[in-house]
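Asks: Okay, structure incoming, though there's no sequence with it:
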């Protein structure tokens, strides 16, 4: 067997790519983005109708792709692609399984959260498609149409995350995806016990790889969720695939469609890899024979004499491409997958990786896209085609070489994790004249399915009956304790920090892992803290966590406030994290909560808002003693005091003009920032924190204009 690259060499290649990816961002151009413009759609429609004008109109786009692919930036914007995000997440999970470094699992979980925001609504379950219009020989597939070749990768992400973490949240997402795959796609009978799956909910095509992807998802979901409905449909799709295998072992792209009667490299890989994954559990001799016959034909017919992957065995049109790196990526993944049953497949995968992936990596860290006839090289890095596939193939190989050989793919077993009951939590609440809302907060806490060990409420000189409400509940719930602090004349933000510190002093002798700081004007569901404890149990690097919230006046746009920001009304800290940052900074001018979250990231902790859960904030933020416009002015002042970048503040202010109070709110925000700057107001934070925050803000702004909403 070819020794290939060592795991150290493969790690070096992977880390170089990750460095490029993190610097570039997850948004990218795509080989089909220009074809999705109005001109591109029109040109392709004429071409597929065999109109001579179609050849003339497609020629400029083809020429641009060959000699000047970077010119597309004048025509289209970078976008996120669900397929790419899913494949990157799977690759990061491979890295995690090899290294056990939580940073890789964290990246996979972040991408999974991004995938949820990209899911297409209006169907039976979670599903994904392309963010562009796709004109093909069968017609126009509009932007946002879910399809079966993107969705299964997302299914694998959530299934594997469940296997790695035991978090039922991911299992629920996988079940939802299975419902879309089962119920929204069409079945076209093709013979006894056989049916072809549609590509989208709106066609009745007979594309072979579409049925292969669907059969894999449904067979896997049938096993996971013990649902025979899934198995019945999957069996018909599998029968269709087996029936359409040709005598030589190959499959056409589609049947009953003369324009799609071609055989290409990566679609053949799609069919073979899904058949193999299906058979890991099914253990069918017939499927095993089909895979072996198909792979033998594949090696003989889809590689040149020197081992370079060929694009087509039967081509639908004249070809201008000599090497397509997408084919290299899929060939590596297929070879790694088949390694136990067809050992020479793994040898082939190693040879391809050494030749094209390791030695072919560009200095920047990514790989070329393709090489045309005549030696012209396409170097614009499309993440969906083929950067994410190459990274996934590379980590599949790395994992196979680094871990003991196992049968099938890694999503088939569940590994235990620390349960939420193993984490002990306490709560602290600073309260000053909160009689209007504090009972809602108390009722929410006592209704929790997992209650705190202790809850200390510090009444900061309340005079409105707050203390009496807390005392009435403390009689029935001895784990609630009221601390009465001396009255003070003015209301300022440093008071909150002092009140929290007073609470912490009462908790010094108590053993706990997690501490929640919640305002006295919030309410939430009974499983709220169980949900957050699950997040802390799953990720030991999570230092500060929280969720989205509902507020009458404040609307968070995560282009300007990323999911790394945890809002002040309810923040949950890992105890060690809160100790690392030294608790809350007593800033009289505000931003106490924000300073804590930024400081946590500076110390290397992860901070995260989980938008799938929400609490209710009953008092509009910043309006405890002032109106909305005044609150926006003060918020702008705080932005300056905490080191907000002036360019970022300008864009934030422009955005806030579109939110209540319209126009004046955004202007007040900017006025507050400029006013503090003009007076050179003293900042309560270090220059190190200011520099750190500005770097984060400019990175988010860069990603905004690159078309990527950061998470």
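Replies: Cool, got the structure. Note that this is a predicted model, so its numbers are computed, not measured.
Asks: from here on, contacts and neighbour counts on C-alpha atoms
Replies: Will do.
Asks: Work out for me the element the residue nearest in space to the middle of the chain sits within.
Replies: Geometric centre of the chain, nearest residue: residue 111, 1.9 Å, by CA atoms, centre = their mean. Using DSSP states H and E, residue 111 sits in helix 102-118.
Asks: What's the mean pLDDT across that helix?
Replies: What helix 102-118 shows for mean pLDDT is 93.
Asks: got the contact list for it?
Replies: Helix 102-118 is contacted from outside by 82, 85-86, 88-90, 92-93, 95-96, 126, 128, 154, 157-158, 161, 539-541, 711, using CA atoms under 8 Å, 6 or more residues apart in numbering.
Asks: tell me, how many neighbours does the closest residue to residue 297 other than its chain neighbours end up with?
Replies: The shortest distance from residue 297 to any residue other than its chain neighbours is 5.7 Å, reached at residue 249 (CA to CA, 6 or more residues apart in numbering). Neighbour count of residue 249, defined by other CA atoms under 10 Å: 17.
Asks: same for the helix or strand just after the helix holding residue 111, what does it pack against?
Replies: Per DSSP H and E, helix 102-118 leads on to strand 134-136 as the next helix or strand towards the C-terminus. If contacts are counted by 3 or more CA pairs under 8 Å, 6 or more residues apart in numbering; DSSP states H and E, strand 134-136 sits against helix 38-48, strand 139-141.
Asks: list the buried ones in the shortest one?
Replies: Think strand 139-141. residue 141 (16 or more other CA atoms under 10 Å).
Asks: contact partners of stretch 189-202?
Replies: 145-149, 184-188, 204-208, 210-211, 214, 235-240.
Asks: Can you select the buried ones from those residues in ChimeraX?
Replies: Selecting the buried subset of those in ChimeraX, with 16+ other CA under 10 Å as the burial test, is done by:
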select :145,146,147,148,149,184,185,186,187,188,205,206,207,208,210,211,214,235,236,237,238,239,240
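Asks: Tell me which entries of the contacts of stretch 189-202 lie within strands.
Replies: Using DSSP state E, the subset of these located in strands is 187-188.
Asks: Could you identify which of the helices and strands packed on strand 134-136 is most buried?
Replies: helix 38-48 (a mean of 18; mean count of other CA atoms under 10 Å).
Asks: follow-up on the earlier one: what's the offset of the helix holding residue 111 from the middle of its chain?
Replies: Centroid displacement of helix 102-118 relative to its chain, using CA atoms, centre = their mean, to the nearest Å, is 4 Å.
Asks: Check stretch 633-649 too.
Replies: Centroid separation between stretch 633-649 and its chain, computed with CA atoms, centre = their mean, is 29 Å.
Asks: Same question for stretch 579-598.
Replies: Worked out by CA atoms, centre = their mean, stretch 579-598 lies 29 Å from the chain centre.
Asks: How about stretch 174-194?
Replies: On CA atoms, centre = their mean, the centre of stretch 174-194 falls 26 Å from the chain's centre.
Asks: buried sites along that stretch?
Replies: For stretch 174-194, by 16+ other CA under 10 Å, it's 174-182, 184-188, 190, 194.
Asks: which among those gets closest to residue 578?
Replies: Nearest to residue 578 out of the buried residues of stretch 174-194 is residue 174 (CA to CA; 34.5 Å).
Asks: give me every residue that touches the closest one.
Replies: 155-156, 158-159, 221.
Asks: Which elements pack onto the helix or strand hosting residue 693?
Replies: Mapping residue 693 onto the secondary structure by DSSP H and E places it in helix 687-705. In terms of contacts (3+ CA pairs under 8 Å, 6+ apart), helix 687-705 is packed against helix 592-602, helix 646-656.
Asks: Provide the contact partners of the last one at residue level.
Replies: This means helix 646-656. Residues contacting helix 646-656 (CA under 8 Å, 6+ apart): 560, 639, 662-663, 665-667, 669-670, 673, 697-698, 701.
Asks: again, only using 6 Å
Replies: Contact with helix 646-656 is made by 666, 670, as judged by CA atoms under 6 Å, 6 or more residues apart in numbering.
Asks: Run the angle between that helix and helix 687-705 for me.
Replies: Interaxial angle, helix 646-656 versus helix 687-705 (axes from the mean of the first three to the mean of the last three CA atoms, to 10 degrees): 50 degrees.
Asks: how about the strands in the stretch 151-300 of the chain?
Replies: Ranges of strands in the stretch 151-300 of the chain, per DSSP state E, counting those that start in this stretch, are 187-191, 194-197, 263-264.
Asks: Figure out which of those strands is closest to residue 573.
Replies: So among those, strand 194-197 is nearest, using CA to CA, at 47.7 Å.
Asks: quick one: buried residues of that closest one?
Replies: Of the residues in strand 194-197, those buried (16+ other CA under 10 Å) are 194-197.
Asks: for stretch 238-257, same thing?
Replies: For stretch 238-257, the neighbour count (16+ other CA under 10 Å) marks 238-242, 244-245, 249-255 as buried.
Asks: which among these gets closest to residue 386?
Replies: Nearest to residue 386 among the buried residues of stretch 238-257, counting by CA to CA, is residue 253 at 20.0 Å.
Asks: avg pLDDT for stretch 290-305?
Replies: 96.
Asks: Sorry, wrong one. I was asking about stretch 548-563.
Replies: The model assigns stretch 548-563 a mean pLDDT of 63.
Asks: what about the stretch 551-700 of the chain, any weak spots by pLDDT?
Replies: Within the stretch 551-700 of the chain, the segments meeting pLDDT under 70 span 552-561, 586-590, 620-626.
Asks: What segments of it are strands?
Replies: Going by DSSP E, counting those that start in this stretch, the stretch 551-700 of the chain shows strands at 570-574, 606-617.
Asks: The first one: partners in the sheet, and parallel or antiparallel?
Replies: Strands adjacent to strand 570-574 in the sheet, as given by DSSP bridges, are strand 514-518 (antiparallel), strand 542-550 (antiparallel).
Asks: Kindly reformat those as TSV containing distance to residue 370 and mean neighbour count.
Replies: Output for these, formatted as TSV (distance: least, CA to CA, whole Å; neighbours: other CA atoms under 10 Å):
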stretch	distance to residue 370	mean neighbour count
strand 514-518	50	23
strand 542-550	40	23
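Asks: Adding distance to residue 283 as columns, could you present these in JSON lines?
Replies: Shown next, in JSON lines, are the strands paired with strand 570-574 (distance: least, CA to CA, whole Å):
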{"stretch": "strand 514-518", "distance to residue 283": "46"}
{"stretch": "strand 542-550", "distance to residue 283": "41"}
